[in-house]
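Participant: Generate coordinates for the sequence data below:
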Amino acid sequence: MNFVRWITPVLIVWTVAGPCPGIEIIAHRSALNAAPENTYAAAQKCIDWGVDYIEADVLASKDGVLYNLHDLTLNRTTNGKGLLASMRSKDVDTLDAGTWFAPEFAGERVPRYDTFLPWLKGKIKINLDVRTGDIEQLVKLIRDAGMAQECFLYFINDQMALKCHEIAPDLIIKMNVSTSEQAIRAATQYHAKIVEVPFPHLTPELIHTCRQHHLKIIACAHRNTAEEYRQILASGVDMVMLDRADLFLELAKDCQE
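Facilitator: Okay, here's the model as predicted:
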């Protein structure tokens with residue numbers, strides 16, 4: 001099949017042989033279009049759909065408890081106000097993280113990782129996007145939940161990635177790249193095993209470089225349209241990060257028939 005991709009301002013075309021491959025799906029902030037993002041309800045949607053991974057964010061409260069929350073503030077996705085980092089866990093645990101999305105999700109809580117990871121175990125894997133918090137504490141939570149082989153981690157700060165590798169070299173680190181040079185650096189300097197590439201930057205050269213350095217490739221969907229998902233299915237990547245896991249699954253099923 002022909003795979004056509006616009007890389008502004010050049011149109012790049014290459015051929016991918018054979019049927020659409022199986023691609024592992026990472027649901028960005030879980031099922032954020034079908035349930036309140038980064039909640040148990042959103043994760044359950046992904047489990048019900050048969051998604052491989054949820055992507056979830058890691059932030060710490062004032063007393064150091066690690067939560068699954070995307071924004072630094074509580075304003076957008078809970079009935080709380082202000083920075084998560086300024087609120088103690090006993091207060092965070094009372095917040096409603098579902099009503100903002102739809103009334104039927106009233107009472108959803110901001111997931112705490114000390115209970116969220118054990119709940120996920122055996123149901124779905126997780127891509128942790130680590131923003132703040134103690135790395136040693138997070139590693140312990142992962143190990144206590146038996147999730148060391150069912151997760152990989154991205155760190156907003158490269159030094160945090162190096163520290164994680166030093167503490168837990170068995171845990172898989174992902175880095176975001178857009179060029180072959182960045183992919184090489186991710187593998188050789190930061191011990192990454194996975195790289196995430198914005199789909200508009202995915203080129204045959206970059207794919208070749210990743211393969212040379214034994215890096216798994218995540219294509220990060222840009223438009224989250226059916227057309228883009230079909231192109232990702234034909235691109236030869238290992239995984240996809242997207243907003244519409246349900247749509248991608250339908251298209252993947254059609255592709256394999």
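
Participant: residues touching the nearest residue to residue 168 once chain neighbours are set aside, list them.
Facilitator: When the adjacent residues along the chain are set aside, residue 168 lies closest to residue 139, with 4.7 Å between them (Cβ to Cβ, 6 or more residues apart in numbering). Heads up, the C-betas are built off the backbone N, CA and C, glycines and all. Residues near residue 139 by Cβ atoms under 8 Å, 6 or more residues apart in numbering: 164, 167-168, 171.

Participant: possible to save these as JSON lines with distance to residue 57?
Facilitator: Formatted as JSON lines, those follow (distance: Cβ to Cβ, whole Å):
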{"residue": "164", "distance to residue 57": "16"}
{"residue": "167", "distance to residue 57": "20"}
{"residue": "168", "distance to residue 57": "19"}
{"residue": "171", "distance to residue 57": "17"}
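
Participant: Just the buried ones from those?
Facilitator: The neighbour count (16 or more other Cβ atoms under 10 Å) marks 164, 168, 171 as buried among the contacts of residue 139.

Participant: Am I right that the first one falls within a helix?
Facilitator: Yes: going by DSSP: H, G, I helix; E, B strand; the rest coil, the assignment for residue 164 places it inside a helix.

Participant: List the contacts of it.
Facilitator: For residue 164, the contacting residues are 130, 135, 139, 153, 155, 171, 173, by Cβ under 8 Å, 6+ apart.

Participant: I'd like to know which of those residues are part of helices.
Facilitator: In this view, the contacts of residue 164 that belong to helices under DSSP state H are 135, 139.

Participant: Out of the contacts of residue 164, give me the one that has the most neighbours.
Facilitator: Highest neighbour count within the contacts of residue 164: residue 153, with 24 neighbours (other Cβ atoms under 10 Å).

Participant: Find the nearest non-adjacent residue to it, please.
Facilitator: For residue 153, the nearest residue in space outside its immediate sequence neighbours is residue 128; the separation is 4.8 Å by Cβ to Cβ, 6+ apart.

Participant: thought that neighbour was touching residue 56?
Facilitator: Yes: with the criterion set as Cβ atoms under 8 Å, residue 128 and residue 56 qualify as a contacting pair; they are 6.1 Å apart.

Participant: any idea which of the contacts of residue 164 is the one closest to residue 241?
Facilitator: For those, the minimum distance to residue 241 (Cβ to Cβ) is 14.2 Å, reached by residue 153.

Participant: Assign residue 123 to helix, strand or coil.
Facilitator: Secondary structure assignment for residue 123 (three-state DSSP): coil.

Participant: Mind listing what's buried along the longest helix along the chain?
Facilitator: Of all the segments assigned as helix in the chain under DSSP H, the longest by residue count is helix 245-256. By neighbour count on 16+ other Cβ under 10 Å, the buried set for helix 245-256 is 245-246, 248, 251-252, 255.

Participant: Return the helix or strand in this protein with minimum mean pLDDT.
Facilitator: Lowest mean confidence among the helices and strands of the chain (mean pLDDT, DSSP states H and E): strand 10-15, at a mean of 37.

Participant: So of the contacts of residue 139, which two are at opposite extremes in space?
Facilitator: Of all pairs drawn from these, the widest gap by Cβ to Cβ lies between 167 and 171 and measures 8.4 Å.

Participant: and the residue nearest to residue 63 when sequence neighbours are not counted, how far is that from residue 28?
Facilitator: Nearest non-adjacent residue to residue 63, counting by Cβ to Cβ, 6+ apart: residue 88, 5.0 Å away. The spacing between residue 88 and residue 28, counted by Cβ to Cβ, to the nearest Å, is 29 Å.
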